[in-house]
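Trainee: Just a sequence and a predicted model for now, questions to come.
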Amino acid sequence: MRRFLWMAAVAGMLAGAGPAAAADFKISFTWDGLKLCTSGRPNTVKNPEFIVRGLPAGTKMVQFKLTDLDVPNYKHGGGWVKMAADGKVPKGAFKYKSPCPPSGKHTYEWTATAKVKKSGKALGQAKARRKYPE
């Protein structure tokens, strides 16, 4: 019985290692250099530079997707990138529809989904939010 309890405890600790690793996956960005848009008619623009940290093991591709949390049904798009060892995604790696609220400020969220390949299972997900305009 003790052996069973010990094995169950070790299995529980090992199972906890996965989510902790996924929690380390983070992204950051700024709107620096983005032309001001407040007309409600987004421009097609180059992505901002992203800093990516704590990628899940085995990640080869990351999908980036922008969502306006105030108008979540609008499709801003995003793109796929092969990850560099330094964790940086340069400006211009893909194009998307810029933030462009018709009035006031909106909250925008980039979601990064780590995968081995485009059609593969998600290995982890990270999100970063900012107001626009700031």
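Mentor: That came through, no problem.
Trainee: From now on I want contacts and neighbour counts done on CA atoms only, so please keep to that.
Mentor: OK.
Trainee: Please report how far residue 67 lies from residue 77.
Mentor: To residue 77, residue 67 is 8 Å away according to Cα to Cα, to the nearest Å.
Trainee: neighbour count winner among these two?
Mentor: Applying other Cα atoms under 10 Å to residue 67 and residue 77 shows that residue 67 carries more neighbours, namely 20 against 15.
Trainee: ok, the residue positioned nearest the centre of the chain - contacts?
Mentor: Centroid check for the chain by Cα atoms, centre = their mean gives residue 112 as the closest residue, at 2.1 Å. By Cα atoms under 8 Å, 6 or more residues apart in numbering, the contact set of residue 112 is 27, 62, 63, 64, 65, 125, 126, 127.
Trainee: Just the buried ones from those, in ChimeraX syntax?
Mentor: Buried members of the contacts of residue 112, defined by 16 or more other Cα atoms under 10 Å, are picked up in ChimeraX with:
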select :27,62,63,64,65,125,126,127
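Trainee: Now the contacts of residue 112 in JSON lines, please, with extra columns for pLDDT.
Mentor: Formatted as JSON lines, the contacts of residue 112 follow (pLDDT from 0 to 100):
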{"residue": "27", "pLDDT": "97"}
{"residue": "62", "pLDDT": "97"}
{"residue": "63", "pLDDT": "97"}
{"residue": "64", "pLDDT": "98"}
{"residue": "65", "pLDDT": "98"}
{"residue": "125", "pLDDT": "97"}
{"residue": "126", "pLDDT": "98"}
{"residue": "127", "pLDDT": "98"}
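Trainee: got the contacts of residue 112 as CSV, with distance to residue 39 and secondary structure columns?
Mentor: Supplementary listing: the contacts of residue 112 in CSV, determined by distance: Cα to Cα, whole Å; DSSP: H, G, I helix; E, B strand; the rest coil:
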residue, distance to residue 39, secondary structure
27, 28, strand
62, 30, strand
63, 27, strand
64, 24, strand
65, 21, strand
125, 31, strand
126, 29, strand
127, 26, strand
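Trainee: Alright, that wraps it up for me.
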